[in-house]
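Participant: Provide a 3D model corresponding to the input given below.
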Amino acid sequence: MDGMELHITGDPAADKLLTEDDFALLTGMLLDQQVTMESAFAGPEKIRARIGSLKPETIAAQDPAAFVEVFKERPAVHRFPGSMAARVQALAEAVQNEWEGDAAAIWTKGSPDGAEVLRRLKALPGFGEQKAKIFLALLGKQRGLAAPGWREAAGHYGEDGCYRSVADIVDPDSLVKVRASKQAAKAAAKAGKER
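Facilitator: Reported below is the predicted structural model:
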């Protein structure tokens, strides 16, 4: 898919893989929970380096126990190696079986509109509403997705000029802004709970 070079992890090899491999980008989004964005999106490169491939069919065929060990190897792919290794394998199986191993088909096959891309993303293992909307915004803002209505389908993550998510990170400065926005949102949520 056309789009700009991604600069999410601060690691040139990891960012290059995210830029060139749609399944790597999808996997990074899956891993983006309870760890820093940089760590999550660096995960696909760690997996690729350790098993020699990031192809969905290769990951789906891994022995589940051995794949957990791949996640545990230091530096760890994720702080929850067991559950996240299983989720990555489930995602790989879904992409392999439902999309013929082509992650980009999720957002390109049949020229879907934004609402349909969102529906397809939400159907993937590990992708709830928020994660699907953030990934849709990432595709639209940085990967050249031209699906009609993608901004509306992505909700407030699709807005121009905001710094809400990984979709808005294009350089170190925007990373700082996204971090500040996330911290402010957490503080607001916490303040709401304390009332």
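Participant: where does the nearest residue in space to residue 156 that is not next to it in sequence land in three-state SS?
Facilitator: Nearest non-adjacent residue to residue 156, counting by Cβ to Cβ, 6 or more residues apart in numbering: residue 164, 6.6 Å away. To be clear about C-beta, it is placed using only N, CA and C from the backbone, and glycine gets the same treatment. Here residue 164 is recorded as coil under DSSP: H, G, I helix; E, B strand; the rest coil.
Participant: give me the pLDDT for residue 164.
Facilitator: Looking at residue 164, its pLDDT reads 91.
Participant: for it, grab the count of nearby residues.
Facilitator: 18 (other Cβ atoms under 10 Å).
Participant: if I look at it, how far off is residue 33?
Facilitator: 16 Å (Cβ to Cβ, to the nearest Å).
Participant: and the residue nearest to residue 156, what does it touch?
Facilitator: Counting by Cβ atoms under 8 Å, 6 or more residues apart in numbering, residue 164 touches 156, 157, 178, 181, 182, 185.
Participant: my guess is the fourth one contacts residue 161, does it?
Facilitator: Same thing as residue 181. No - when contacts are counted by Cβ atoms under 8 Å, residue 181 is not listed as touching residue 161 (11.8 Å).
Participant: for the two, indicate the residue with more neighbours.
Facilitator: Just comparing residue 181 and residue 161: by other Cβ under 10 Å the higher neighbour count belongs to residue 181, 15 against 5.
Participant: need the pLDDT of the nearest residue to residue 52 once chain neighbours are set aside.
Facilitator: For residue 52, ignoring the flanking residues on the chain, the nearest one in space by Cβ to Cβ, 6+ apart is residue 58 at 7.8 Å. Predicted confidence (pLDDT) for residue 58: 98.
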